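# Kindly generate the corresponding structure for this input.
(chains A and B)
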There are 2 protein chains.
Amino acid sequence: MSHVHIIEEVKKRGKMIDGLTDQLLPIAQPEELYLASRHLIEAGGKRLRPAMLILATEAVGGNVQKVLPAAFSIELIHNFTLIHDDIMDQDILRRGCPTVHIKWGLPAAILAGDTLYSKAVEILAGVDAPPSRIIRCLNILSSTCTEICEGQWMDMVFEGLPKVSEAEYMKMVEKKTGVLFAAATSIGGILGGCNEDEAKALWEIGRITGIAFQIRDDVLDLITPEERLGKERGSDLMEGKKTLIRIHALKKGVKLDHIKRGSSDEEIEAAVQALRDAGSIDYAMKKARKLVAQGKAKLDMLPDSKAKILLKELADYLVMRTY
Amino acid sequence: MSHVHIIEEVKKRGKMIDGLTDQLLPIAQPEELYLASRHLIEAGGKRLRPAMLILATEAVGGNVQKVLPAAFSIELIHNFTLIHDDIMDQDILRRGCPTVHIKWGLPAAILAGDTLYSKAVEILAGVDAPPSRIIRCLNILSSTCTEICEGQWMDMVFEGLPKVSEAEYMKMVEKKTGVLFAAATSIGGILGGCNEDEAKALWEIGRITGIAFQIRDDVLDLITPEERLGKERGSDLMEGKKTLIRIHALKKGVKLDHIKRGSSDEEIEAAVQALRDAGSIDYAMKKARKLVAQGKAKLDMLPDSKAKILLKELADYLVMRTY
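Residues are numbered from 1 along each chain as shown, chains lettered A, B, ... in the order given. Below is the predicted model:
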């Protein structure tokens, strides 16, 4: 199945929020702080989370124009977490560009992330919607950010553990990645005027497909050539990240501890082949596809609409994408 | 004039919010993340910002019990900025304890700060007040955080500049320190039910006295013994911070560039004596006292109350305190 259609639909919505950058995140003083804050946003990104927020609004018959600042806000939160995570994971490349701490230094990167976070709250608080709905969304956004911190913490702690269970991995990626997708879809619904049951379903759809997205991300980190990946290939392996793939491989007796920062391309390639041979990559993909099926099933409670079909297509795309 | 009275009044209000820690910032999972987040809060602090928020509520006849979570939230924001600033400034000691990045490492300190930030927004969004007033306060809080980032950025950039004007310093400390005091007093008023003019006056009082507080802080960094200061004495000098004192001294021809990280106590003492002799410390204190007088004058527009008297006493205390 071709994904050209859904990619175009996502891009269309991504462009809507890109058009808001100069208005909602203008380059103020000190200029370099704002350039650093905007760096990753301008370097690219698929705008999946804002697109999902907008699609959720469409799916409940809401006003898309009014939720665009909220969609922009979700993308800022995403980029805030990327900037800080890149510091913690010592990543040097993102979206084909040097990471913020590499280009501007550590203090600047901390502040650039903090600034995006503040702006996201400010922008969401200013959305044109009933105050009680805005407060609900701010509650979702802030508790989501707390969970992202918890998830990132777990991710780092797991690196140093000899063994992590699949259940622990699932809890970690739910927090690290799932909840922000969940925040996107539920905020899109709530600001679009949905009822309580729809808000819950939209949360679940975002949460489940977000986890599937992360599993696919872990796979892509292994199988995608660096120039397409936009970051170092195999960085998860080198950092000892306890991905679902690695957890499966460990059970199968695959040895990976020799892969470290500075390992050669050949060593990475051999490790990836070992993971393939052990069926670990297939195992993870099977899990991701199962999650997507669950997520899509949750969508059935929403009234039929073009947006609902697109959300299903998008869920499929999240685990089939090649970058 | 003795400040025992106002110190006791501040402490009384500080204890009100300390009692909320286990309820509003419970030690959840992963436990270490929450221990790191709570570290500086539990290490001490004067609770000046929450006390000012509560006093502002009292001064406009609002319900103190209802604003306590907002006061707690302001203290979280303060501690979030301390954790991240300590990383950027490479400070190792705060409130007599190792800083968070020294005790838990850099990634943990970034996440601990981010977590406090999220929790602060979450808690403020949950205050028992009319939704439109809550949104207004969230707007104030988030734009305040943006300004704090701008101020911290300026502070760091200034370290590397040969010369900074007094006007530039004033703008920097307004952002770095003044606006959080302003957020405290105005949020206290707004949640307490004040009118627009009162909110503006409370903002100004917080802003001006916050700047005065920072100037006094710069002075204390020089003249307070380390065991009382709770952090390295003369750290501003060593980092090349462009304080009002240094700006004045540079104009008077005082040489300070030889003071660096690792300078001996004797070198610091000699530099401080040179600053005294040049009248630079007196100059800064005179400026701080003038600001406090301006701030107190703004309070006259509020109806007479015990809280109004206390806010005036507190303003005086901010520039007379010895730690």
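# Point out where chain A drops to low pLDDT.
By pLDDT under 70, the weakly predicted segments of chain A are A:1-2.
# where does the residue with the largest distance to the centre of it land in three-state SS?
Distance from the C-alpha centroid of chain A, by C-alpha atoms, centre = their mean, peaks at residue A:253 (30.4 Å). At residue A:253, secondary structure determined by DSSP: H, G, I helix; E, B strand; the rest coil is coil.
# Same question for the one 10 residues further on.
Per three-state DSSP, the secondary structure class of residue A:263 is coil.
# quick one on the thing from earlier: distance check, the residue farthest from the centre of chain A against residue A:280.
Distance, residue A:253 to residue A:280, by C-beta to C-beta, to the nearest Å: 11 Å. From N, CA and C alone the C-beta is placed, and that goes for glycine too.
# ok, back up a step: please list all residues in contact with the residue farthest from the centre of chain A.
By C-beta atoms under 8 Å, 6 or more residues apart in numbering or on different chains, residue A:253 lies in contact with residue A:278.
# Can you verify my assumption that residue A:139 contacts residue B:122?
Yes. Taking contacts as C-beta atoms under 8 Å, residue A:139 lies within contact range of residue B:122: 6.3 Å.
# ok, the residue in the stretch 201-323 of chain A positioned nearest to chain B - contacts?
Distance from chain B to each residue of the stretch 201-323 of chain A (C-beta to the nearest C-beta) is smallest for residue A:239, at 11.7 Å. Counting by C-beta under 8 Å, 6+ apart, residue A:239 touches A:89, A:159, A:261.
# How much space separates the residue nearest to the first one when sequence neighbours are not counted from residue A:215?
Setting aside the residues directly before and after it, residue A:89 is nearest to residue A:239 in space (C-beta to C-beta, 6 or more residues apart in numbering or on different chains), at 6.1 Å. Using C-beta to C-beta, one gets 17 Å for the distance from residue A:239 to residue A:215.
# Shouldn't residue A:144 be within a helix?
Yes. Under three-state DSSP, residue A:144 sits within a helix.
# Now that it has come up, it's in contact with residue A:183, right?
Yes. If you go by C-beta under 8 Å, residue A:144 and residue A:183 touch, sitting 4.2 Å apart.
# okay, and the common contacts of the two?
residue A:77.
# Identify the residues contacting residue A:256.
Taking C-beta under 8 Å, 6+ apart as the test, what residue A:256 contacts is A:237, A:246, A:249-250, A:271, A:274.
# top of the contacts of residue A:239 by neighbour count?
Neighbour tally across the contacts of residue A:239 (other C-beta atoms under 10 Å in any protein chain shown): the maximum, 19 neighbours, falls on residue A:89.
# Got the phi and psi for that residue?
Note on residue A:89: backbone dihedrals following degrees, to the nearest 10 are phi -90, psi 0.
# Wait, it touches residue A:238, no?
No. If you go by C-beta under 8 Å, residue A:89 and residue A:238 don't touch, sitting 9.9 Å apart.
# how about stretch A:262-272: buried residues?
Within stretch A:262-272, the residues that count as buried by 16 or more other C-beta atoms under 10 Å in any protein chain shown are A:267-268, A:271-272.
# I should have written stretch A:297-307 there, sorry.
Those would be A:298-299, A:302, A:307, for stretch A:297-307 by 16+ other C-beta under 10 Å.
# What is the end-to-end distance of it?
Its start and end residues considered, stretch A:297-307 measures 15 Å (C-alpha to C-alpha, to the nearest Å).
# roughly how far is it from the heart of the chain?
Its chain's average C-alpha position is 22 Å from that of stretch A:297-307, according to C-alpha atoms, centre = their mean, to the nearest Å.
# same thing with stretch A:78-90?
Worked out by C-alpha atoms, centre = their mean, stretch A:78-90 lies 12 Å from the chain centre.
# for stretch A:175-193, same thing?
12 Å.
# And for stretch A:48-64?
On C-alpha atoms, centre = their mean, the centre of stretch A:48-64 falls 17 Å from the chain's centre.
# near chain B, which residues of the stretch 101-250 of chain A show up?
A:106-108, A:110-111, A:113-115, A:117-119, A:121-122, A:125-126, A:131-132, A:134-135, A:138-139, A:141-143, A:145-146, A:149-150, A:152-154, A:156-157 (C-beta under 8 Å from any C-beta of the partner chain).
# Among those residues, which lie within helices?
Among those, DSSP state H puts A:106-108, A:110-111, A:113-115, A:117-119, A:121-122, A:125, A:131-132, A:134-135, A:138-139, A:141-143, A:145-146, A:149-150, A:152-154, A:156-157 in helices.
# coming back round to it: mark which of the contacts of residue A:256 are buried, thanks.
A:237, A:246, A:249-250, A:271.
# Out of these, which sit inside helices?
Per DSSP H, the buried ones among the contacts of residue A:256 map to helices at A:237, A:246, A:249-250, A:271.
# can I get these in TSV with distance to residue B:228?
Below are those laid out as TSV (distance: C-beta to C-beta, whole Å):
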residue	distance to residue B:228
A:237	51
A:246	51
A:249	56
A:250	53
A:271	56
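# What is the nearest of those to residue B:59?
residue A:246 (58.6 Å; C-beta to C-beta).
# Angles on the backbone of the closest residue in space to that closest one that isn't next to it in sequence, please.
Nearest residue to residue A:246, sequence neighbours excluded (C-beta to C-beta, 6+ apart): residue A:256, at 6.3 Å. The phi and psi values for residue A:256, taken as degrees, to the nearest 10, are phi -130, psi -10.
# can you check residue A:93 too?
The phi/psi pair for residue A:93 (degrees, to the nearest 10) is phi -130, psi 140.
# now swap in residue A:95 and tell me
Residue torsions, per degrees, to the nearest 10, at residue A:95 are phi 50, psi 40.
# how close does it get to residue B:13?
47 Å.
# Check residue A:204 too.
43 Å.
# before we move on, back to that, same drill for residue A:139 and residue B:122, tell me which one is more crowded.
Taking other C-beta under 10 Å, residue A:139 and residue B:122 do not tie; residue B:122 has more neighbours (22 against 15).
# show me the residues around the more buried one that make contact.
With C-beta under 8 Å, 6+ apart, residue B:122 has these contacts: A:139, A:142-143, A:146.
# can you check residue A:296 too?
Applying C-beta under 8 Å, 6+ apart, the residues near residue A:296 are A:205, A:312, A:315-316.
# Give the residues shared as contacts by residue A:139 and residue B:122.
By C-beta under 8 Å, 6+ apart, no residue touches both residue A:139 and residue B:122.
# got a winner among the contacts of residue A:296 for most neighbours?
residue A:205 (29 neighbours).
# for the helix or strand harbouring that one, which positions count as buried?
Here residue A:205 is covered by helix A:196-223, with elements defined by DSSP states H and E. Residues A:198-199, A:201-219, A:221-222 are the ones in helix A:196-223 that count as buried (16+ other C-beta under 10 Å).
# Also stretch A:38-54?
For stretch A:38-54, using 16+ other C-beta under 10 Å, the buried residues are A:38-41, A:43, A:45-54.
# What is the nearest of those residues to chain B?
residue A:38 (13.7 Å).
# Check for me that the closest one belongs to a helix.
Yes. Counting by three-state DSSP, residue A:38 is part of a helix.
# so it makes contact with residue A:24?
No. Counting by C-beta under 8 Å, residue A:38 stays clear of residue A:24, with 10.9 Å between them.
# what does stretch A:61-72 contact?
Outside stretch A:61-72, the residues that reach it (C-beta under 8 Å, 6+ apart) are A:13, A:16-17, A:20-21, A:24-25, A:49-51, A:53-54, A:57-58, A:123-124, A:126-129, A:137, A:184, A:187-189, A:191-194, A:303, A:305.
# now with 6 Å?
The contact list for stretch A:61-72 (C-beta atoms under 6 Å, 6 or more residues apart in numbering or on different chains) reads A:16-17, A:20, A:24, A:50, A:53-54, A:57, A:123-124, A:127-128, A:187, A:191-193.
# In ChimeraX, how would I select just the buried ones from the residues you listed?
In ChimeraX, a selection of the buried entries from the contacts of stretch A:61-72 looks like this (16+ other C-beta under 10 Å):
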select /A:16,17,20,24,50,53,54,57,123,124,127,187,191,192,193
